[in-house]
Structure formats: C-alpha cells, structure tokens
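Asks: sequence? don't have it. structure:
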Ligand code: 2AL
C-alpha cells in the first residue's frame, strides 16, 4: 500500500489539545500514514456550543483548502460536534471524516448499544443532534456529561480524566451497553487504558477516524462529487471565504 498523507484538523486554537490528539493519531497510524496536525491561529480556544462551532467552521474550510494545496489526501475534523462536516466535504477532493461520526460507526460495529461520555451538559445536546442526524439514536443508551469544560482536559490536574473514568465505570454498570464513546477530542489519549481497565470497547473518535480514513484511502474511495457534495457553485466569492475554495472557483 502507498503511504498516504492526511491532516488532523483541531478546529479550536488549543495547541495542547492538538498535540494530545496528534500523539494518539500517530500511534495508531504507525509508519503507514503521514499526519499533519493543524489548528487555526485565530478563533475559539474550545468548542462547546453552536456559536463556537460556527466560528470554527471558517478555519476548518481554510485548513481543508490549504491542506489539499500541500498534497494532503484526506482530512479529519477533530472535534466531537463534527462542525462544518458537510461544508468541508463540499470544498474537499479527498475524504473528510468527523470524529463523532467515525466513533459512532465504529461502536455500532462491535456493540448493539453504546453510551457517550462528553464534557459539558450543553455538548450533550449537540451529541444528541448528531445521533439523530447520523441515524444512531436507537443505538445510544445515554449521553453523560462530566460537567467540566473542554480545556479542563488540558490543565494538567488529571481531575477531568478522573471524572471521565468515573462516568465510564458508571455507564458500564448502569447503561446496559456494550461500548462507550469518548465524546471529546481531548479525551483521545484515554481510550486504550480505559478499555484495558473496563474490559470493554472504549472508543475514541480520533483513533476511529484515522483508521476509517486509512481504509477509504486504501480503497481509493473519496468524497462523492456527484450530488450535494460537489464543489460549491462558481458564483464569485469575496473576503476571507475565498481561501476556502479551489482556485478554479475564486475570482
Ligand atoms: C469538543 C471537542 O472535541 N473539542 C472541542 O473543543 N470541543 N467537543 C466536546 N463535546 O467537548
């Protein structure tokens, strides 16, 4: 198999979280994939709601374009809300995976039902929207919030990690599920140890997306340009948005 080059886009501006996810992604990829890990210079430091997602989306679209101009063949949107996913697929030539969608697909392959452990109560609502949107609502028993902000996962205290562990244990005991999904990119480094400890699949979306993206690239399957995911129509675009589009579509 040829060695593919992908990019992991952290849509928030946290370098620490970008690094946490990059380490996990590169461990999974071994020597089979080159992974560029990027985040925007400007925007929101963490994504915890609809406003944050809207702000982050422009940065994601710009990174997709910049990545393809550098020769990147596939992309991961590494935030559990999968912000801008369909728009990103429109501007991309390569496949684009969101970590929530990847994790839900992977969990559904090994368990009839799963639970999700995420950060704040407001991100529970976003996860529930995605479950409906992706058709996984009936597969999900519960979405739990550790009730700590996203950046608490990077504060070095270990408190958030301890709470993730507690909620995973509780979900295993009470939810009657076969797998648990970690509902934040900043939890990517916890899955292996928790899976060993709980003796059940604990699924991290970053690892799931790297693996699924590699499979698509190995099979030569890419974003369909037949239908709604075709490139945006060429109608002239102004301002910073031009940097999101292939040069053939910009004035
Ligand atoms: C996220 C995530 O994965 N990264 C971020 O900034 N916000 N979503 C979440 N549910 O915590």
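Replies: Arrived safely, thanks for sending. Just so you know, these numbers come straight off a predicted model, no measurement behind them. Numbers count the residues shown, from 1 in each chain.
Asks: Just list the residues touching the residue nearest to residue 111 when sequence neighbours are not counted, thanks.
Replies: In this structure, residue 111 finds its nearest non-sequential neighbour in residue 178, 2.9 Å apart by C-beta to C-beta, 6 or more residues apart in numbering. Just so you know, the C-beta spots here come from the backbone N, C-alpha and C atoms, and that holds for glycine as well. Residue 178 makes contact with 110-114, 200-201 under the criterion C-beta atoms under 8 Å, 6 or more residues apart in numbering.
Asks: Quick one: buried ones out of the residues you listed?
Replies: 111, 113-114, 200-201 (16 or more other C-beta atoms under 10 Å).
Asks: hmm, back to that, go through the contacts of residue 178 and flag which are in helices.
Replies: residue 110 (DSSP state H).
Asks: near the ligand, from the contacts of residue 178?
Replies: When contact is defined as C-beta under 6 Å from any ligand atom, these do not meet the ligand at all.
Asks: Need the contacts of residue 178 in TSV (columns: pLDDT and distance to residue 156).
Replies: Formatted as TSV, these follow (pLDDT from 0 to 100; distance: C-beta to C-beta, whole Å):
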residue	pLDDT	distance to residue 156
110	98	33
111	98	33
112	98	38
113	98	34
114	98	29
200	98	28
201	98	28
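Asks: Closest to the ligand out of the contacts of residue 178?
Replies: residue 114 (15.5 Å; C-beta to the nearest ligand atom).
Asks: ok, the closest one to residue 186 distance?
Replies: Counting by C-beta to C-beta, to the nearest Å, the gap from residue 114 to residue 186 is 19 Å.
Asks: show me what contacts the spatially most central residue of the chain?
Replies: Taking C-alpha atoms, centre = their mean, the centroid of the chain lies closest to residue 99, which sits 2.6 Å from it. Shown in contact with residue 99 (C-beta under 8 Å, 6+ apart): 76-80, 82, 185, 204-206, 208-209.
Asks: Show me what from this structure comes close to the ligand.
Replies: 12, 46-48, 79-81, 118-119, 123, 150, 183-186.
Asks: Out of those, which sit inside helices?
Replies: Using DSSP H, the subset of these located in helices is residue 123.
Asks: From residue 56, how far off is the residue nearest to residue 111?
Replies: Taking C-beta to C-beta, one finds residue 178 at 32 Å from residue 56.
Asks: Pretty sure residue 139 is one of the things residue 112 touches, is it not?
Replies: Yes. Contact criterion C-beta atoms under 8 Å: residue 112 and residue 139 qualify, at 7.2 Å.
Asks: ok, how many other residues are close to residue 44?
Replies: When neighbours are counted by other C-beta atoms under 10 Å, residue 44 registers 20.
Asks: List the contacts of it.
Replies: Listed by C-beta under 8 Å, 6+ apart, the contact partners of residue 44 are 12-13, 52, 55-56.
Asks: Quick check: nearest residue in space to it, chain neighbours excluded?
Replies: That would be residue 52: by C-beta to C-beta, 6+ apart, it lies 4.6 Å from residue 44.
Asks: Which secondary structure element is home to the one you found?
Replies: Assigned by DSSP states H and E, residue 52 falls within helix 50-70.
Asks: rewinding a little: burial of the residue nearest to residue 44, as a residue count?
Replies: Residue 52: 23 neighbours (other C-beta under 10 Å).
Asks: ok, now residue 137?
Replies: 12.
Asks: ok, the residue lying closest to it once chain neighbours are set aside to residue 108 distance?
Replies: If the residues on either side of it in the chain are set aside, residue 137 comes closest to residue 131, at 4.5 Å by C-beta to C-beta, 6+ apart. The gap separating residue 131 from residue 108 is 11 Å, by C-beta to C-beta.
Asks: Could you do residue 219 as well?
Replies: 20 Å.
Asks: who's more crowded, those two?
Replies: residue 108 (19 against 8).
Asks: quick one: contacts for the more buried one?
Replies: Applying C-beta under 8 Å, 6+ apart, the residues near residue 108 are 114, 136, 139.
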